[in-house]
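# Compute the structure for the input listed below.
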Amino acid sequence: MDGSAADNIAYIRTYNNTMVQGWGHSANGMVDTILRTANNHLFVGGQFTSINGSSRKYYVSLNLSTGKDDGYLNLNISGHYVFPGSGVSNTEVYNQQLSPDHGHVLAEGTFTKVQSNKRQQIFMLTWAAAAT
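Predicted structure coming up:
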């Protein structure tokens, strides 16, 4: 992008179509979904197992200014499905929505655990309005 390498993620200035060089632009797998939350986090989901220097897998919160992992999420998403006749599915978070009250995020994907809890293909995050 803009003459520079970017792997699966980049911050692009839409007013002049240039890439912000100081913002991380490297994920080792597909990025499927990006959501800016009301409390100024950028939630990113996909098939990646590292992103912008972080080893968090499949779902991460990035700093809006740097693109680096801001440490807000540590969900340890894991697991996948094997469907007869179609093989193994990739672990990933592929969609998310912010609730109208901005206090919840619903995330969907292909996984069987979030932290150590059984969660099949969907989970919801909740935080207080004053959370940072």
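# what ranges of this structure fall below the confidence cut-off?
In the prediction, the chain carries residues with pLDDT under 70 at positions 1-2, 128-132.
# so what's the residue nearest to the spatial centre of the chain bridging to?
Central residue of the chain (CA atoms, centre = their mean): Val44, 1.9 Å from the mean position. As for beta bridges, Val44 partners with Ile34, Val60 under DSSP bridges.
# could you list every residue that touches it?
With contact taken as CB atoms under 8 Å, 6 or more residues apart in numbering, Val44 is in contact with 9, 27, 31, 33-35, 51, 59-62. For glycine as for every other residue, the C-beta is placed from the backbone atoms N, C-alpha and C.
# Dump these to TSV, plus neighbour count.
Rendered in TSV, the data for these read as follows (neighbours: other CB atoms under 10 Å):
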residue	neighbour count
Ile9	20
Ala27	22
Val31	20
Thr33	18
Ile34	13
Leu35	16
Ile51	28
Tyr59	27
Val60	30
Ser61	23
Leu62	26
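# Helix or strand next in line after the one helix or strand Gln97 maps to, which one?
Mapping Gln97 onto the secondary structure by DSSP states H and E places it in strand 92-98. Using DSSP H and E, the helix or strand that follows strand 92-98 towards the C-terminus is strand 104-110.
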